[in-house]
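Participant: Compute the structure for the input listed below.
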Amino acid sequence: MDKASWPGATARGKREREMGLENGGGNRGDRDRGDAALEAVGVWVFDLDNTLYPASCDLFSLIERRMGAFIAERFGLSPEEARRRQKRFFREHGTTLRGLMVEHAVEPDEFLAYVHAIDLAALAPDPALGRALAALPGRKLVFTNASRDHAERVMARLGVAGQFEAIHDIADAGYRPKPDPATYAGFLARHGVDPARACMLDDMACNLVPAARLGMTTAWIRGDSAWGRPTADHLPHIHHVIDDLPGWLAKRAAPEGGEE
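Facilitator: As a prediction, this is how the structure comes out:
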């Protein structure tokens with residue numbers, strides 16, 4: 001997978017530049033802290049969707065359509081009304097699933113199996129990512145709001161399944177999604193992670209806030225989605241910005257290290 005296929009690899013967002021977010025580094029005021037902390041990282045915590053693969057694959061749109069179809073069928077709604085309800089669940093509860101569980105007592109396994117029954121043909125194997133992960137020193141974990149089955153399918157398709165020690169999925173989190181702070185505490189305890197020696201990578205800027213508050217180094221995978229971009233309140237919690245994940249990881253693995 002070439003660099004240009006990663007979001008922002010050829011053209012960086014004007015909005016992010018104006019906010020002080022630079023490729024490789026984070027906001028200007030926190031960049032020194034981020035660089036120093038990277039040298040001590042012994043645990044790498046990766047989100048899954050739109051993080052291990054670029055958002056330009058548009059895989060998540062397939063999942064979103066399945067979410068809308070599930071809601072339309074369950075409640076007898078039009079596609080338009082189902083989409084509006086889905087977005088409300090997301091805004092108010094963090095994930096569509098959480099909203100369905102809280103407001104309608106929907107069984108999570110039924111929903112997860114339905115929405116993740118998608119064709120992964122758009123997702124190409126990524127040898128560069130596999131090489132970068134293999135060379136990256138330290139433990140590697142996946143921390144996702146998706147299901148374990150979906151994570152395993154995606155990782156197998158990318159060719160990186162053997163690079164990760166464990167998957168912490170939405171069921172492991174008690175169906176409380178990121179960015180719920182309690183979910184992070186549970187993740188750290190379950191996997192014996194010292195936040196001061198961990199780096200979390202996620203395409204959702206809001207998900208990096210609890211991680212940074214716990215003492216983790218953070219890296220935002222730049223994307224085009226409105227819900228993933230950082231607000232001014234997120235900026236102090238973003239230490240690095242990544243446009244090309246395999247390339248960024250390869251630099252972390254190189255003996256000389258260093259930033260662009």
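Participant: Next, find the distance separating the nearest residue to Arg213 once chain neighbours are set aside from Asp180.
Facilitator: Leaving aside its sequence neighbours, Arg213 sits nearest to His237 (C-beta to C-beta, 6 or more residues apart in numbering; 7.0 Å). C-beta: built from backbone N, CA, C; applies to glycine. Going from His237 to Asp180 by C-beta to C-beta, to the nearest Å gives 16 Å.
Participant: Just want to know which of those two has more residues nearby.
Facilitator: Using other C-beta atoms under 10 Å as the criterion, His237 and Asp180 rank with His237 on top: 22 against 19.
Participant: List the contacts of the more buried one.
Facilitator: 208-209, 211-213, 218 (C-beta atoms under 8 Å, 6 or more residues apart in numbering).
Participant: pLDDT value on Glu22, please?
Facilitator: If you check Glu22, the pLDDT there is 57.
Participant: I should have written Arg222 there, sorry.
Facilitator: Predicted confidence (pLDDT) for Arg222: 95.
Participant: go on, Ala37?
Facilitator: Note on Ala37: pLDDT of 76.
Participant: State whether it is indeed within a helix.
Facilitator: Yes. Assessed by DSSP: H, G, I helix; E, B strand; the rest coil, Ala37 belongs to a helix.
Participant: Distance of it relative to Gly138?
Facilitator: Separation of Ala37 from Gly138 (C-beta to C-beta) stands at 13 Å.
Participant: Same question for Asp243.
Facilitator: Asp243 is 22 Å from Gly138, by C-beta to C-beta.
Participant: Which one of those two is surrounded by more residues?
Facilitator: Of the pair Asp243 and Gly138, Asp243 is the one with more neighbours under other C-beta under 10 Å, namely 21 against 14.
Participant: Strands along this protein, start to end?
Facilitator: For the chain, the strands defined by DSSP state E occupy 43-46, 139-143, 166-168, 198-202, 217-221, 240-242.
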